[in-house]
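**Student:** Need coordinates for the below:
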Amino acid sequence: MGGDAQWAALTARLGLLRHGGGPADPGPVVAFGTAGPVAAFALPSVGGTVHEYAALARSLDGCCEVRGIEAAGLYRGAAPLTTLDEIVARNVEVVRSAQPEGPYRLIGWSTGGILAYETARRLEGTGAEVALVVLVDAPCRIGRWRPDPTDDLAGLFIGEVLRGLGRPVRSLPQLSAAQQLTLLADQLAGCPPRPDTLLGDLERWYAVFVAHAAALSGYRAEMDLEAAGLVISAHGSQDWAPYWRGRFRGGVRELSTTAGHYGCLHLPAVTAAAAAMWELLT
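**Tutor:** Alright, predicted model coming up:
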């Protein structure tokens, strides 16, 4: 089933979190168990997690070691970052800690594409070389968001989680955020042991989602990169390629997939994205 790799990656990650030795465990850099002569860093979408990249990482095994960077705030004792500047600064710090010298390669799906682009821009601003930025169905601008008490943010969050895992989404009207998160915990009951801690994991995940949604509100890509770009568009989404095309001085390759926004990182559709990346990475 599409999303099986993402489900396995999520359950493994939650297992590490629950059996880790402290609030900082297991750390922001996620290894997908793959290898290659070069490395690429996958940036999280609005929820802050990177299990969505699991199938892509497997498809690039032997060509590129994909490392995910999870958001601050997912683990006990850590708070979400609340501004885009803080998020990008932390990404740069984590990337340079894991790989002190360039050239760097960054990947971003959905709003993770914004983080990949802005992290690349910050790296270039320090004089580092960025070889490639891969944007997978990533918007170049976000509408301004003013939270309203009637906004069903928990419903949006749960939809993001389940669609990212290739799971069906049910409408849950007139339920509080706490009730919806409890139902989501029930749906994810197949995750690793100690289900009593799962709700706490989801509450932190949801807090990151809300904080990042606010941090990205009103965003617009404005500066250019020296790097090359690969822009992948999903079926049924707004075509952002014309907007991104002029942002990469190193040239842009464009790819359209027949899969939707969530399916483009699932098998079998992800193989086309991986093939395009393989060519640019070798």
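
**Student:** how near is the closest residue to Val130 other than its chain neighbours to Cys64?
**Tutor:** Once flanking residues are discounted, Val130 sits nearest to Ala227: 4.0 Å by C-beta to C-beta, 6 or more residues apart in numbering. Heads up, the C-betas are built off the backbone N, CA and C, glycines and all. From Ala227 over to Cys64 the distance is 16 Å, taken as C-beta to C-beta, to the nearest Å.

**Student:** Quick check: phi and psi at the closest residue to Glu101 other than its chain neighbours.
**Tutor:** Distances taken as C-beta to C-beta, 6+ apart place Ala128 nearest to Glu101, at 7.8 Å, with adjacent residues excluded. Ala128 adopts backbone torsions of phi -80, psi 150, taken as degrees, to the nearest 10.

**Student:** Could you count how many residues lie near the residue nearest to Val130?
**Tutor:** 25 (other C-beta atoms under 10 Å).

**Student:** Please name the residues that touch it.
**Tutor:** Residues in contact with Ala227, defined by C-beta atoms under 8 Å, 6 or more residues apart in numbering, are 120, 124, 130-133, 248-250.

**Student:** And it, how far from Glu124?
**Tutor:** Distance, Ala227 to Glu124, by C-beta to C-beta: 7 Å.

**Student:** Now do the shared contacts for those two.
**Tutor:** Common neighbours of Ala227 and Glu124, counting by C-beta under 8 Å, 6+ apart, are Val130.

**Student:** just the helices in this protein please.
**Tutor:** For the chain, helices defined by DSSP state H occupy the ranges 4-19, 54-59, 84-98, 112-125, 153-164, 177-187, 198-216, 241-245, 270-281.
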